[in-house]
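S.K.: how would this look folded up:
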Amino acid sequence: MKAAVYYQTGPPDVLRYEDVPDPTCAPDGVVIEVEAISIEGGDVGNRARGLMAKTPHVVGYQCAGVVREVGADVRDRKPGDRVTAMMMHGSHAERVAVPAGFTFAIPDALATDAAACVPIPFGTADDCLFEFGRLQRGESVLIQAGASGVGLAAIQLAKRAGATVLATAGGAEKIARLQSEFGLDHGIDYRATSFVDAVQQITGGRGCDLVVDSVGGATLQGSLACLGYRGRCITVGDSSRGGKQLDVASLSAGNRSLTGVFLGAESFFQHARVHAMIDGHLRDVAKGELRVVIDRRFPLAQAAAAHAFIESRAAFGRVLLIP
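M.R.: Numbers count the residues shown, from 1 in each chain. Here you go, the predicted model:
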């Protein structure tokens, strides 16, 4: 089969389109013929500087397609089923082998490419807001990188929960779309103004109850400065790759907290809860109660160009690879 691989980490042009061995189906697993790959922020970060399971490495946490093989111990999947799946790596390929428990049935009314965009962004957003962020109706939440996959999911889920939602994005056009299409209450163009100053102005100096930060680096330090009394900050990923050391002195004085969230770990240790939650989001997207936005599709052979497009920060929503 064909896959997008790399032999060393680095910029997008380390990616190569090559033949690799077909995956082997485990007794508790399935093999999926991949039809759509949603590129996650973690995929880009792993390609840039992450660990490689082997050489060459096939990166990728999420995809959707059709089950072609089923392991001997699997009872709830069969060949021909449409599924979307999460995995540790391997999605940037024509086929992938995953444990059956990390696949999710795609509702009949939902397109396969849209389903490929749901598990990690919506699962991550849900955990950041509710399981760890403890967001309540009437509270205020700042979503960093509101036009990203996790950002768009978080805005929708927070609005549905009755929160006042603030979000950052780069450029007036993105802000306008977030407000007109997703009901964002307050948009902040981080390229044009200090988001910390803007949050304080919007909240009358009170600060936010919750901040969800997927950017990291210097932005995470600013996120802490946006918290109100007893505010909670969730750090999830590090798309800036800034590696900045944090000054957490402000947390104690305001009884504030900083929590790291990683959906992958929660999927192992709280599997039943996470699986049911993601199943619910797939149903809600199929019913039109939640939206997936696909910005652009690239052939799998052009994985390097797709990664470069994501790193340009021009995307609004998801970027897909199509084998």
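
S.K.: so what's residue 213 scoring on pLDDT?
M.R.: In this model, residue 213 is scored at 97, pLDDT.

S.K.: who's in contact with it?
M.R.: Contacts here follow CB atoms under 8 Å, 6 or more residues apart in numbering; on that basis residue 213 touches 144, 219, 220, 223, 233, 234, 235, 236. Every C-beta, even on glycine, is put in place using the N, C-alpha and C of the backbone.

S.K.: just the closest of these to residue 209, please.
M.R.: Nearest to residue 209, judged by CB to CB, of the contacts of residue 213 is residue 233 at 10.4 Å.

S.K.: next SSE after the strand or helix carrying that closest one?
M.R.: Using DSSP states H and E, residue 233 sits within strand 227-235. On the C-terminal side of strand 227-235, the closest following helix or strand by DSSP H and E is helix 249-253.

S.K.: and the helix or strand that that following helix is followed by, what's buried?
M.R.: The helix or strand immediately downstream of helix 249-253 is strand 257-260, counting by DSSP H and E. Neighbour counts over strand 257-260 (16 or more other CB atoms under 10 Å) mark residue 258 as buried.

S.K.: and the residue nearest to residue 322 when sequence neighbours are not counted, how many neighbours?
M.R.: Nearest-residue entry for residue 322: residue 297, 5.5 Å, with adjacent residues in sequence omitted and distances by CB to CB, 6 or more residues apart in numbering. Residues within reach of residue 297, counting by other CB atoms under 10 Å, total 15.

S.K.: and the helix or strand where residue 297 lies, what's buried?
M.R.: Here residue 297, judged by DSSP H and E, is contained in strand 294-299. Under the neighbour-count criterion of 16+ other CB under 10 Å, strand 294-299 has 294, 298 buried.

S.K.: which element follows it toward the C-terminus?
M.R.: Assigned by DSSP H and E, the successor of strand 294-299 is helix 303-311.

S.K.: could you give the angle of that next one to strand 294-299?
M.R.: For helix 303-311 against strand 294-299, the angle by axes from the mean of the first three to the mean of the last three CA atoms, to 10 degrees is 160 degrees.

S.K.: distance from helix 303-311 to the middle of the chain?
M.R.: For helix 303-311, the separation from the chain centroid amounts to 16 Å (computed by CA atoms, centre = their mean, to the nearest Å).

S.K.: and the residue nearest in space to the middle of the chain, what pLDDT?
M.R.: The chain has residue 121 as the residue nearest its centroid, 3.3 Å off, counting by CA atoms, centre = their mean. On the pLDDT scale, residue 121 is placed at 97.

S.K.: once you drop chain neighbours, what's closest to it?
M.R.: residue 149 (3.8 Å).

S.K.: okay, the one you found: pLDDT?
M.R.: Looking at residue 149, its pLDDT reads 96.

S.K.: how far off centre is the lowest-mean-pLDDT helix or strand in the chain?
M.R.: In the chain, the helix or strand scored least confidently by mean pLDDT, DSSP states H and E is helix 249-253, which has a mean of 89. Centre-to-centre, helix 249-253 and its host chain are 29 Å apart (CA atoms, centre = their mean).

S.K.: same question, stretch 32-50
M.R.: Distance, stretch centre to chain centre, for stretch 32-50: 10 Å (CA atoms, centre = their mean).

S.K.: got the CA positions of it in PDB?
M.R.: C-alpha atoms of stretch 32-50 as PDB (Å, rounded to 0.1, in the frame of the first residue of the first chain):
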ATOM      1  CA  ILE A  32      -9.600  -0.100   7.600                       C
ATOM      2  CA  GLU A  33      -9.400   0.900   4.000                       C
ATOM      3  CA  VAL A  34      -8.900   4.600   4.500                       C
ATOM      4  CA  GLU A  35     -11.100   7.100   2.700                       C
ATOM      5  CA  ALA A  36     -10.400  10.300   4.600                       C
ATOM      6  CA  ILE A  37      -7.600  11.400   7.000                       C
ATOM      7  CA  SER A  38      -8.200  14.500   9.200                       C
ATOM      8  CA  ILE A  39      -4.800  16.000  10.000                       C
ATOM      9  CA  GLU A  40      -4.500  16.800  13.600                       C
ATOM     10  CA  GLY A  41      -2.300  19.300  15.300                       C
ATOM     11  CA  GLY A  42      -0.500  16.400  17.000                       C
ATOM     12  CA  ASP A  43       0.300  14.900  13.600                       C
ATOM     13  CA  VAL A  44       2.100  18.100  12.500                       C
ATOM     14  CA  GLY A  45       3.900  18.400  15.900                       C
ATOM     15  CA  ASN A  46       5.000  14.700  15.700                       C
ATOM     16  CA  ARG A  47       6.400  15.200  12.200                       C
ATOM     17  CA  ALA A  48       8.300  18.300  13.300                       C
ATOM     18  CA  ARG A  49       9.900  16.900  16.500                       C
ATOM     19  CA  GLY A  50       8.100  13.800  17.900                       C
END
